[in-house]
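Visitor: Quick one, what's the 3D model for this:
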Amino acid sequence: MAVHPFNEELATGTLSRERFQFYLVQDARYLVGFGRALAAAAAKAPEVDDVAFLAGAARDAIVIEREMHESYFKWFRLSETDLADIETSPTCVAYSSFLLATAHIGSYGELLAALLPCFWVYQSVGAEILTRQSPENDNPYRPWIDTYAGDEFEATVRTFRAAIDRAADAAGEATREKMLTAFTRACEYEWMFWDSAYRQEGWPTAVF
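Guide: This next block holds a predicted model:
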């Protein structure tokens, strides 16, 4: 299976600064919706341990990952005005809206399934990219790689997968089908998110 050029170039450190900047801005905005959806999942969780885990994950999405974004923004010397000039992409709006809609009208299991790809896909991609790094490879995107390939993030993914397995075990067949649909759609959005960043996707000008 061919690797998307965004991830291939990120792995080699050749991804253009402009594409990565665009991605970071979209990701920072997406994570606000992602954090809200995680908070909604915490409110729906039937087990106390899952309430604590999901609430903590919501905080981490807003606080910890934002710190990584802001460190890159400072490195790139991007001002608040520069960031505001980058419009939120259609894919970012669509993915965030999908999660928030699932949080409002979906079951607990559906919501977990919709949230899982953002954890699992990033951990998988980060871990694969890390195997291709070396001390001699001065990759400017190494902080991003290390964030998602690290042991702490892997442990978070394992905990999340255990929570979703419990939700699936407790659900009926109809709900499990909806969970699969939500998971698949979110995986598609993950691919679209990187693709839209690589293309620096904008809004089409409508002509009526």
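
Visitor: Ranking helices and strands of the protein by mean pLDDT, which lands last?
Guide: Counting by mean pLDDT, DSSP states H and E, the weakest-scoring helix or strand in the chain turns out to be helix 80-84, with a mean of 87.

Visitor: What is the very next helix or strand once past that one packed up against?
Guide: Remark: after helix 80-84, the chain's next helix or strand is helix 90-105, criterion DSSP states H and E. Here helix 90-105 touches helix 17-44, helix 108-130, helix 173-199, going by 3 or more CB pairs under 8 Å, 6 or more residues apart in numbering; DSSP states H and E. For every residue, glycine as well, the C-beta is placed using N, CA and C.

Visitor: got a list of contacts for helix 90-105?
Guide: Outside helix 90-105, the residues within contact range by CB atoms under 8 Å, 6 or more residues apart in numbering are 26, 29-30, 32-34, 36-37, 40-41, 110-111, 114-115, 182, 185-186, 189, 192-193, 195-196, 201, 203.

Visitor: Can you turn the buried part of the residues you listed into a PyMOL selection?
Guide: Burial among the contacts of helix 90-105 is assessed by 16 or more other CB atoms under 10 Å; the matching PyMOL selection reads:
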select buried, resi 26+29+30+33+34+36+37+40+41+110+111+114+115+182+185+186+189+192+193+196+201
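
Visitor: Secondary structure element for residue 54, which one?
Guide: helix 48-75.

Visitor: Just the pLDDT at residue 205, thanks.
Guide: With respect to pLDDT, residue 205 scores 79.
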